[in-house]
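A.B. asks: Sequence below, structure please.
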Amino acid sequence: MKIDVCYTPDLIHQFEVENKTVVVIDILRATSCMVAGLGSGIQSITPVASIEECEALGEQGYIMAGERGGEKVEQFHMGNSPFDYMKPELKGKKVATTTTNGTQAIELSKNAKEVIIGSFLNLNAVVNHLMKCNNDVLLFCAGWKGRYNL
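C.D. replies: Numbering: from 1, shown residues only. Predicted coordinates for the structure are as follows:
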């Protein structure tokens with residue numbers, strides 16, 4: 001198994017994602033929200049790149065969630081805090097989400113053999129999965145607005 005690290009979406013052009021397992025990592029928000037939500041009973045979370053795509057899913061009955069520049073999108077039901085995704089009233093619901101960084105990295109990974117959402121909340125599950133798969137791995141950090149982010 002070969003493991004590469006892409007530190008920001010602006011560098012993804014330097015990596016091949018096809019035939020790899022890509023682990024998208026946006027620790028503080030997007031991926032932690034997804035893991036917290038699924039762990040709290042949300043039926044599904046659909047990440048999309050644009051506000052318009054999220055609104056279109058909202059018209060189909062999805063709960064709209066997301067942010068731009070760290071601020072909740074005004075017309076959305078919720079922002080981008082893991083606590084938003086843990087509310088009991090969301091159990092069994094479908095959520096569409098768009099974010100400044102994390103969902104963009106997911107979109108850029110769509111041609112991968114497999115896309116995994118990585119956060120501190122599911123670190124053990126991700127590591128266990130990667131140890132069992134026979135794919136090369138790309139750890140894809142979402143960064144912040146195209147820049148490297150610690």
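
A.B. asks: going forward, measure contacts and count neighbours with C-alpha atoms only.
C.D. replies: Fine.

A.B. asks: So what are the sheet partners of the host helix or strand of Thr97 and their directions?
C.D. replies: Element membership for Thr97, per DSSP states H and E: strand 94-98. Under the criterion DSSP bridges, strand 94-98 sits next to strand 44-47 (parallel), strand 63-68 (parallel) in its sheet.

A.B. asks: Check the offset of the last one from the chain's centre.
C.D. replies: Distance of strand 63-68 from its chain centroid, counting by CA atoms, centre = their mean, to the nearest Å, is 12 Å.

A.B. asks: send the alpha carbons of it over as CSV?
C.D. replies: C-alpha atoms of strand 63-68 as CSV (Å, rounded to 0.1, in the frame of the first residue of the first chain):
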residue,chain,number,x,y,z
ILE,A,63,-32.5,19.4,5.5
MET,A,64,-30.1,22.0,4.1
ALA,A,65,-26.9,22.5,6.0
GLY,A,66,-23.7,24.4,5.4
GLU,A,67,-21.5,27.4,5.5
ARG,A,68,-19.4,29.8,3.4
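
A.B. asks: Could you list the paired strands of the next helix or strand after it along with their orientation?
C.D. replies: Where DSSP H and E defines the elements, the next helix or strand beyond strand 63-68 is strand 71-72. In the sheet, strand 71-72 lines up against strand 63-68 (antiparallel) (DSSP bridges).

A.B. asks: Give me the mean pLDDT for the partner strand.
C.D. replies: Mean per-residue pLDDT for strand 63-68: 96.

A.B. asks: and of the strands paired with strand 94-98, who's closest to Gly118?
C.D. replies: Closest approach to Gly118 among the strands paired with strand 94-98 (CA to CA): strand 44-47, 13.9 Å.

A.B. asks: sorry, back to before: can you check which of the strands paired with strand 94-98 gets nearest to Ile117?
C.D. replies: Nearest to Ile117, of all these, is strand 44-47, at 10.9 Å by CA to CA.

A.B. asks: and the closest one, how far out from the chain's middle?
C.D. replies: Its chain's average C-alpha position is 9 Å from that of strand 44-47, according to CA atoms, centre = their mean.
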